[in-house]
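# Sharing a sequence plus its predicted fold:
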Amino acid sequence: MLFNSYIFLFCFLPVAILGYYLLAHFAGPKAAKIWLAIASLVFYGWWKVGFIQILLTSIAFNYALSLLILGTEQKPARQRVLLTVGIVANISLLVYYKYLFVMLDFFHAHGWLSPDFVQVLLPLGISFFTFTQIGFLVDCQQGVVQERNLLNYVLFVTFFPHLIAGPILHHREIMPQFADDATYRLNARLVATGLTLFAFGLVKKVVLADSMAPWVDAGFSHPGELGILSAWSTAVGFVFQIYFDFSGYSDMAIGLGAMFGVRLPLNFNSPYKSMSIIDFWQRWHMTLTRYLTLLIFNPIFLRVIRRRMAQGLVASHKASESLGGFLSLVAFPTGAAMFIAGIWHGAGMQYVVFGSLHAAYLIINHAWRIFGPKLPAGQVSISHRVLGHLWRTTLTFLSVVLADVFFRASSVGDAVKILGGAFGSRGSDLPLSVGVFRLMEHQPLRNFLYRHGLIVFSPTRQLWETVTVPLLRNTALIIGLAMIAWGTPNSVQILGEWSPALQEIRRTDWKCVEWRPNLAWATGMAALLAYVLTQLDQSGRFLYFQF
């Protein structure tokens, strides 16, 4: 069941909300919790009922193990063994469903294995609910878990707004909300802002992200046929497609949570406005970055610190200013965290390359901050600051484009073909104006340009209709999406003080566009939703559903 489907909007969601608040009012919070847990399982099992069994088995195992870990707090050695068992079991489940059969296919393709194995379907959101529960087990071992109620834990894992594509939740943010009776009392303001944010997300997904899908899918399906402009249009088109797709899902998740009285954490904060790749990862998939920092980067960093102290080396912040300290304290944990981030997104060498590229970006960015030149702010003119801002933003964006080609491509080879086309390996496919098209009908000139790689193939009327016009249209669409991404406040900023998200972010200076609970906004959002509903038949799955 998709958020952007008629069955969800007109059947599942109204029934879920009405049942939730009616049961809370007449039968109490526990009945509302049970209803919400059942609704979340129905939502999850809509694609395949068998997925529910996998999810519930995972929940039962991890909850039982968490009780064992909490019950042995006076025996740290036993706790570590139990935690290790939990992590290995969860990772094994992930490997079996997400990576094993990809590896078997690879071995079969190279003649190293007979095809006598049966593929299994990848359960939706398995990376999200697996990482969520690993984090909970780690917190149990570290003694920071206070809430142990089974029903609250089930809701923490299964709550449908976040179950399929995040955000990755921390128990301290969510389980206390499910334990609070105030959560189950209808809050009209929270519901109204949640509905508004959901509408923003629906527009981003259906109107903006899905408008790029046909062009992007066609380009990545034929990576060896793209010239310079088509390759760049395909790559940049995907970058904006996933931007509005994931941003739309994040808005809808927070909005849906608010409709049930639950505030979810931010997961997306205008990442293309970042002026560094470090800033980018603090704005893109924010809960994944937090998770990787807490459970991958920090443990490695602390282990290195302890080892340095045991060796009598400097272990303070100054240590990273030496080459050896930088490599061990910054480069190594950063590389490990981003390698995990890459393979978390999928099985395939293209995801390894994606994670490795971002690891390299981050290491270079940290090195520049530590070892690069430092100019006092007073010595930099306003014009230089503006140019520096534009340069850093552009460089960050282009770095993301390069890595995202590997993220989207079916293989490393396909990604290389697209990048090769982008840098001229198959010549130019610049769009032809009507005048130029007429000029190209001159045979000697046309043959000369074709022989020297200045056009992909001899221009014909078909070239004009099938390449030039779509290319111009999609280039214009990309420019429009770029203006929205860079030139406008994001959804949470527009909601301002009314935002239902857990965290606050810098509010927009555009006070004229801040949301207000009034008739004008209600009328505008109703009209926008009415238009979006006419486009739902053209919409597709969210890109992060495959993870």
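Right, received. Where do you want to start? Numbers count the residues shown, from 1 in each chain.

# Give me the domain ranges for the chain.
By the assignment in automatic domain parsing, the chain contains the domains 6-185, 273-370+388-422.

# helices or strands next to the helix or strand hosting M483 in the packing?
In this assignment (DSSP states H and E), M483 forms part of helix 469-487. Packing partners of helix 469-487 (3 or more CB pairs under 8 Å, 6 or more residues apart in numbering; DSSP states H and E): helix 210-221, helix 228-259. (C-beta placed from N, C-alpha, C; glycine too.)

# For it, list every residue counted as buried.
P470, L471, N474, T475, L477, I478, L481, A482, A485 (16 or more other CB atoms under 10 Å).

# Equivalent analysis for stretch 487-498, please.
P489, N490, S491, V492, Q493, I494, L495, G496, W498.

# Nearest spatial neighbour of the fourth one, chain-adjacent residues omitted?
Counting by CB to CB, 6 or more residues apart in numbering, the nearest residue to V492 once its immediate chain neighbours are dropped is S499, at 4.9 Å.

# so how far is L186 from that neighbour?
Taking CB to CB, to the nearest Å as the measure, S499 falls 19 Å from L186.

# Those two: who's more crowded?
S499 (23 against 13; other CB atoms under 10 Å).

# right, and that one touches R506 too?
No - between S499 and R506 there is no contact under CB atoms under 8 Å: 11.6 Å.

# got any ranges where the chain has weak pLDDT?
106-119, 375-380, 428-470, 537-539, 545-547 (pLDDT under 70).

# if you go through it in chain order, where are the strands?
Assigned by DSSP state E, the chain shows no strands.

# Quick check: phi and psi on A315?
Per-residue torsions, A315: phi -120, psi 10 (degrees, to the nearest 10).

# ok, it - contacts?
The contact partners of A315, taken as CB atoms under 8 Å, 6 or more residues apart in numbering, are I305, R308, M309.

# And for V145?
Contacts of V145 by CB under 8 Å, 6+ apart are S66, L70, F136, D139, H171.

# Return the distance of stretch 17-30 from the chain's centre.
33 Å (CA atoms, centre = their mean, to the nearest Å).

# Let me fix that, I meant to ask about stretch 306-320.
That offset, for stretch 306-320, works out to 35 Å (CA atoms, centre = their mean).

# what do you get for stretch 152-168?
With CA atoms, centre = their mean, you get 16 Å for stretch 152-168.

# list the buried ones in it?
In stretch 152-168, counting by 16+ other CB under 10 Å, buried: 152-168.

# Which ones among those lie within helices?
N152, Y153, V154, L155, F156, V157, T158, F160, P161, H162, L163 (DSSP state H).

# My guess is L186 contacts Y20. True?
No - at 9.4 Å, L186 and Y20 do not qualify as touching, with contact defined as CB under 8 Å.

# Next up, the contacts around E321.
E321 neighbours (CB under 8 Å, 6+ apart): I370, F371.

# for L357, same thing?
S399, L402, A403, F406.

# nearest spatial neighbour of the residue most central in space within the chain, skipping sequence neighbours?
With distances taken as CA atoms, centre = their mean, the residue of the chain nearest its centroid is H285 (4.7 Å). Counting by CB to CB, 6+ apart, N267 is the residue found nearest to H285 once chain neighbours are left out, at 6.2 Å.

# and the one you found, how many neighbours?
26.

# and if you look at the one 10 residues further on?
Burial of I277, expressed as a neighbour count using other CB under 10 Å, amounts to 24.

# Put together JSON lines for the contacts of L357, with neighbour count and distance to F178 on each row.
Listed next are the contacts of L357 as JSON lines, based on neighbours: other CB atoms under 10 Å; distance: CB to CB, whole Å:
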{"residue": "S399", "neighbour count": "19", "distance to F178": "40"}
{"residue": "L402", "neighbour count": "17", "distance to F178": "42"}
{"residue": "A403", "neighbour count": "21", "distance to F178": "37"}
{"residue": "F406", "neighbour count": "25", "distance to F178": "39"}
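
# And the residues you listed, which two are furthest apart?
By the measure CB to CB, S399 and F406 form the most distant pair in the contacts of L357, at 12.2 Å.

# Who are the contact partners of I277?
So I277 contacts H358, Y361, L362, N365, T396, S399, V400 (CB under 8 Å, 6+ apart).

# The same query, at a cut-off of 7 Å, please.
By CB atoms under 7 Å, 6 or more residues apart in numbering, the residues touching I277 are Y361, L362, N365, T396, S399.

# Among the contacts of A315, which ones are in helices?
Those of those lying in helices (DSSP H): I305, R308, M309.

# out of these, which is most surrounded?
R308 (18 neighbours).

# Skip the chain neighbours and tell me the closest residue to that residue.
Counting by CB to CB, 6+ apart, the residue nearest R308 is A315, at 4.7 Å.

# Tell me the buried residues in stretch 204-214?
K204, K205, V206, V207, L208, A209, D210, S211, M212, A213.

# Surely L471 and T234 touch.
No - with contact defined as CB atoms under 7 Å, L471 does not count as touching T234 (10.2 Å).

# quick one: contacts for T132?
Going by CB under 7 Å, 6+ apart, the list of residues near T132 reads V157, I168, L169.

# Can you name the residues that contact the nearest residue to V353 once chain neighbours are set aside?
In this structure, V353 finds its nearest non-sequential neighbour in F406, 4.6 Å apart by CB to CB, 6+ apart. Contacts for F406 (CB under 7 Å, 6+ apart) come out as Q350, V353, F354, L357, V412, A415.

# let's go with 6 Å and repeat that
Q350, V353, F354, A415 (CB atoms under 6 Å, 6 or more residues apart in numbering).

# Next, give phi and psi for E73.
phi -60, psi -20.

# Please tell me how far the closest residue to it other than its chain neighbours sits from V314.
Sequence neighbours aside, G143 is the residue nearest to E73 in space, at 6.3 Å (criterion: CB to CB, 6+ apart). Separation of G143 from V314 (CB to CB) stands at 30 Å.

# cool, and R290?
28 Å.

# Just the buried subset of the contacts of I277, please.
Y361, L362, N365, T396, S399.

# Can you tell me which of the contacts of V145 is nearest T196?
Distances from T196 to those, taken by CB to CB, are shortest for H171, at 27.9 Å.

# wait, what's in contact with the closest one?
F136, F156.

# N474 reaches W215, doesn't it?
Yes - contact between N474 and W215 holds when scored by CB atoms under 6 Å: they sit 4.7 Å apart.

# Which ones among the contacts of F406 lie within helices?
Those of the contacts of F406 lying in helices (DSSP H): Q350, V353, F354, A415.

# In a markdown table, list these along with neighbour count.
Converted to a markdown table, these look like this (neighbours: other CB atoms under 10 Å):
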| residue | neighbour count |
| --- | --- |
| Q350 | 23 |
| V353 | 19 |
| F354 | 27 |
| A415 | 25 |
